[in-house]
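**Q** predicted structure and sequence below. I'll ask about it afterward.
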Amino acid sequence: ELKVEQNPLFLSMQEGKNYTIYCNYSTTSDRLYWYRQDPGKSLESLFVLLSNGAVKQEGRLMASLDTKARLSTLHITAAVHDLSATYFCAVGRSGGGADGLTFGKGTHLIIQP
Amino acid sequence: NAGVTQTPKFQVLKTGQSMTLQCAQDMNHEYMSWYRQDPGMGLRLIHYSVGAGITDQGEVPNGYNVSRSTTEDFPLRLLSAAPSQTSVYFCASSYSGSTDTQYFGPGTRLTVL
């Protein structure tokens, strides 16, 4: 059974600081997805990582994938309040995503002034 | 494009009632799926479809039925609602399931009394 674990599950940090969210998964996969969810809203796709060593950046967020370690990271640089949200990673159930995704429980991120 | 739409936005049912949650997309996506989200949990896959006429079960399919008669629509039926089905339901679609961004609908918040 595929398991996806995120840590931390809750993170409170100050503006301007850097931090990393970790996503470990239990089976072989070369596809990993990161989503953002604001309270009461739907999920917004942030990154799709499709190969070992993939690195993608958008603004203050950078995601990477190490398929050998079964680990993805979401790094936040110089955090700002607008990045407060819940962040989910997800992995394709069969290694890809054609038969759906298994999600981590999410990291609830609060960025304080 | 309207993207992925879901109706209704909110619904209250009594135990034992049945209902259909509607999901439609206008992006000509082959792949569609249904997830439920419960507090403190990630999203869990209920059913998915890789094209019209083709559906399959996800992690938590019990108590739910789906059909896919057209590319655009993927309704989720609750056969006999139970309080354990109180949740937020999200529909998602993508051009292909494995490599593309999955687009999520706005969600349906369901309460079963």
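**A** Arrived safely, thanks for sending.

**Q** endpoints of stretch B:36-44, how far apart?
**A** Terminal residues of stretch B:36-44 are spaced 5 Å apart (CA to CA, to the nearest Å).

**Q** that stretch close to chain A?
**A** Yes: with CB under 8 Å from any CB of the partner chain as the criterion, chain A is reached by stretch B:36-44 at B:40, B:41, B:42, B:43, B:44. Bear in mind the C-beta positions are built from the backbone N, C-alpha and C, glycine included.

**Q** now, the residues you listed that are in strands?
**A** B:43, B:44 (DSSP state E).

**Q** identify the residues contacting residue 111.
**A** All of this refers to chain A. Contacts for residue A:111 (CB atoms under 8 Å, 6 or more residues apart in numbering or on different chains) come out as A:12, A:13, A:14, A:15, A:79, A:80, A:81, A:83, A:84.

**Q** wrong one, chain B
**A** Contacts of residue B:111 by CB under 8 Å, 6+ apart are B:11, B:12, B:13, B:86.

**Q** could you do residue A:46 as well?
**A** Residue A:46 neighbours (CB under 8 Å, 6+ apart): A:34, A:35, A:36, A:58, A:61, A:63, A:74, A:87.

**Q** let's see that with 6 Å instead.
**A** A:34, A:36 (CB atoms under 6 Å, 6 or more residues apart in numbering or on different chains).
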